[in-house]
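Student: need a structure here:
(one chain, ligands or ions: 1)
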Amino acid sequence: MSVRLRFAPSPTGYLHIGGARTALFSWMFVKRHGGQFILRIEDTDQKRFVEGAVEEIMASMRWLGLDWDEGPDIGGPYGPYVQTERAALYQEWANWLVDNGRAYKCFATAEELAEMRVELEAKGDRSGYDRRYRDMDAAQVAELEAQGKPYVIRYKMPLDGVTVVEDLIRGEVVFENSQFTDAVLMKSTGLPTYHLAHVVDDHFMEITHITRGDEWLSSAPLHFQLWQAFGWERPLYAHMPVILNPSGKGKLSKRTQSFQDGQWQVLVKVDEYEEQGYIPVAVNNFIANVGWSSGDDLEIFTPEEIIPRFDLADVNSAPTSLPYAKLDWINGQHIQQMDDVELAKALKPFLEAAGYEVNVEALLIVMPSMKVRLKRLTDAEEFLQFLFSDDAAIELTADQLVHNQLPADAARNGYEQALAFVQTTDTFDLDTISTTLMSIGESVTTTGKAGPFLGKLRLAMTGQNVSPPVFESMLALGRERTAARLKQVVGLFA
Ligand code: GLU
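Tutor: From the prediction side, this is the model:
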């Protein structure tokens, strides 16, 4: 039998980094077993539906490279993949449970429920429902229905005994049935709750493993009950451990964003990672490190590298925080492994957003030195400012371009020689540039060492303290612009 896992987000907003980790683990598991990964949209809670959320979630998943084999956009043999389009199926199976004595119609009105809650709470019972419609006789039910009274369908939870939840990550978790009241399966609107919907879908979509957040563990006994009531073979469940705030307290949430002040900004939405210049492979690496470990010291990896050894059963059940302090380092390591052309392509939108008109050829020239320095794609903006800014925009004074081993006369002489070289040389390549400028530098400094001259020349060419090395910078600027900048510099010493 083929392994089939689904990622089943509710379209209530963006893709949360915790959801992305669940999706990544599920996707890796599918890839390892050559199975299918399904995207299903759980939109039965219409009150929480956010316009555009489905598209945003899909875009984030595509960005991470978590492609699906079946889903709302591409269809598949088990569709539809949007729950509101499957309403009739849930209704049918809710009725089946009623007909088979495993569920019942409850006609309690909102006011009735509110009163009930108060009464129960006074007795220390926080369940919110006293099962008053559970044993109503058939004739009475028929009468209320005939009067057109709205109702929900509730599951008849056993009143005693235990339900044992078997979980791939946590092992067996035993729940007393008496702690549960009769949960709503179908709402009066004709739409199901998550409890019923996921069981029906996971059965008919032939899902083999249910991976989801730990927050669902407490309702898992109801879900196990439902599988049993239907007499369907239950998939394996794996509840992913909670991701905590960096403080280690509480669940990572959007509100955590304020955790800053010298600390790494905490990013919760997947698209924030993209905006801030992180690359997908690094984000996958970052989130895979939480709750799962390769078992050796491997810290930098691609999902493809770890797929052969990834197992859901190895996920650690303890809640942990994401190592934000390592994120830039992880990203930098992956940037270094990128192919030059690929990196140039990735940088282009960031540079364009900064208002630069990008010349990819020039970008490729500075790539080797830039690659080892970039932590995020957004760092390129500052690093490459010299390349995309106007030549005249570099504002320097002669004072900034001298050194104690390079007095004004010597400096002027050096810059003039450099200008003459750039204007007359037949070949303007890295080799010629470096050999010529090294020897000019050695001839003008008081110590005979080129360093101070080259350092100042770099500042002259880029106007920046952080930039690619001078030879690469000049080559990237090209002969004309280099000459224009040198002329400006020489002019400062007139
Ligand atoms: N729709 C649920 C949520 O977004 C998914 C739970 C599941 O994967 O079964 O939390």
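
Student: do you know how far the residue positioned nearest the centre of the chain is from the ligand?
Tutor: Residue closest to the mean C-alpha point of the chain, counted by Cα atoms, centre = their mean, is Val270 at 3.3 Å. Val270 sits 14 Å away from the ligand, going by Cβ to the nearest ligand atom, to the nearest Å. Backbone N, C-alpha and C define where each C-beta goes, glycine included.

Student: isn't that residue up against Gly13?
Tutor: No. In this structure Val270 lies outside contact range of Gly13 using Cβ atoms under 8 Å: 11.2 Å.

Student: let me see the contact set for Phe224.
Tutor: Neighbouring residues of Phe224 by Cβ atoms under 8 Å, 6 or more residues apart in numbering: 163-165, 234.

Student: three-state assignment of Tyr129?
Tutor: coil (DSSP: H, G, I helix; E, B strand; the rest coil).

Student: just give the closest residue to it, not the sequence neighbours.
Tutor: Thr181 (4.6 Å; Cβ to Cβ, 6 or more residues apart in numbering).

Student: same check, this time on Thr462
Tutor: Thr462's closest residue in space is Phe386 (Cβ to Cβ, 6+ apart), at 3.6 Å.

Student: quick one: the one you found is in a strand?
Tutor: No. Looking at Phe386 with three-state DSSP, it is helix, so not inside a strand.

Student: and the gap between it and Ala380?
Tutor: 12 Å (Cβ to Cβ, to the nearest Å).

Student: now do Arg373
Tutor: 9 Å.

Student: now swap in Asp391 and tell me
Tutor: 20 Å.

Student: that older thread, among Arg373 and Ala380, which residue is more densely surrounded?
Tutor: Ranked by neighbour count (other Cβ atoms under 10 Å), Arg373 and Ala380 place Ala380 first, with 26 against 15.

Student: need the contact list for Ser26.
Tutor: Contacts of Ser26 (Cβ under 8 Å, 6+ apart): 5-7, 37, 209, 211.

Student: how deep is Met205 tucked in, by neighbour count?
Tutor: 22.

Student: next, count neighbours for the residue of the stretch 301-450 of the chain at minimum distance from the ligand.
Tutor: Relative to the ligand, the nearest point of the stretch 301-450 of the chain is Leu312 (13.6 Å; Cβ to the nearest ligand atom). For Leu312, the neighbour count with other Cβ under 10 Å is 21.

Student: name the helix or strand for the residue nearest to it when sequence neighbours are not counted, please.
Tutor: Spatial nearest neighbour of Leu312, excluding adjacent residues (Cβ to Cβ, 6+ apart): Ala238 at 4.6 Å. Taking DSSP states H and E as the criterion, Ala238 maps to strand 236-240.

Student: name the residues of stretch 269-278 that come out as buried.
Tutor: For stretch 269-278, the neighbour count (16 or more other Cβ atoms under 10 Å) marks 269-270, 272-274, 277-278 as buried.

Student: how about the helices of the stretch 351-494 of the chain, start to end?
Tutor: Ranges of helices in the stretch 351-494 of the chain, per DSSP state H, counting those that start in this stretch, are 360-371, 379-383, 385-388, 408-424, 430-444, 451-462, 470-492.

Student: mind putting these in CSV, mean pLDDT and distance to Ala398 included?
Tutor: Listed next are the helices of the stretch 351-494 of the chain as CSV, based on pLDDT from 0 to 100; distance: least, Cβ to Cβ, whole Å:
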stretch, mean pLDDT, distance to Ala398
helix 360-371, 93, 27
helix 379-383, 93, 25
helix 385-388, 91, 19
helix 408-424, 97, 7
helix 430-444, 97, 15
helix 451-462, 96, 10
helix 470-492, 96, 4
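
Student: measure the nearest residue to Glu357 once chain neighbours are set aside to Gln488 for me?
Tutor: Counting by Cβ to Cβ, 6+ apart, Glu357 lies nearest to Phe388, which is 6.7 Å off, once chain neighbours are set aside. Note on Phe388: its distance to Gln488, by Cβ to Cβ, is 17 Å.

Student: and for Ser178?
Tutor: 84 Å.

Student: how about Pro158?
Tutor: 85 Å.

Student: list the contacts of the helix or strand containing Ala282.
Tutor: Assigned by DSSP H and E, Ala282 belongs to helix 280-288. Identification of contacts with helix 280-288 by Cβ under 8 Å, 6+ apart yields 17, 20-21, 24-25, 28, 63-65, 270, 273-274, 278, 300-303, 306, 322-323, 326-327, 330-331, 333-335.

Student: again, 7 Å this time
Tutor: For helix 280-288, contacts defined as Cβ atoms under 7 Å, 6 or more residues apart in numbering pick out 17, 20-21, 24, 63-65, 273, 300-303, 306, 322, 327, 330-331, 334.

Student: out of these, who's near the ligand?
Tutor: When Cβ under 6 Å from any ligand atom is applied, no member of the contacts of helix 280-288 is adjacent to the ligand.

Student: give me the buried subset of those residues.
Tutor: Among the contacts of helix 280-288, those classed as buried by 16+ other Cβ under 10 Å are 17, 20-21, 24, 63-64, 273, 300-303, 306, 322, 327, 330-331, 334.
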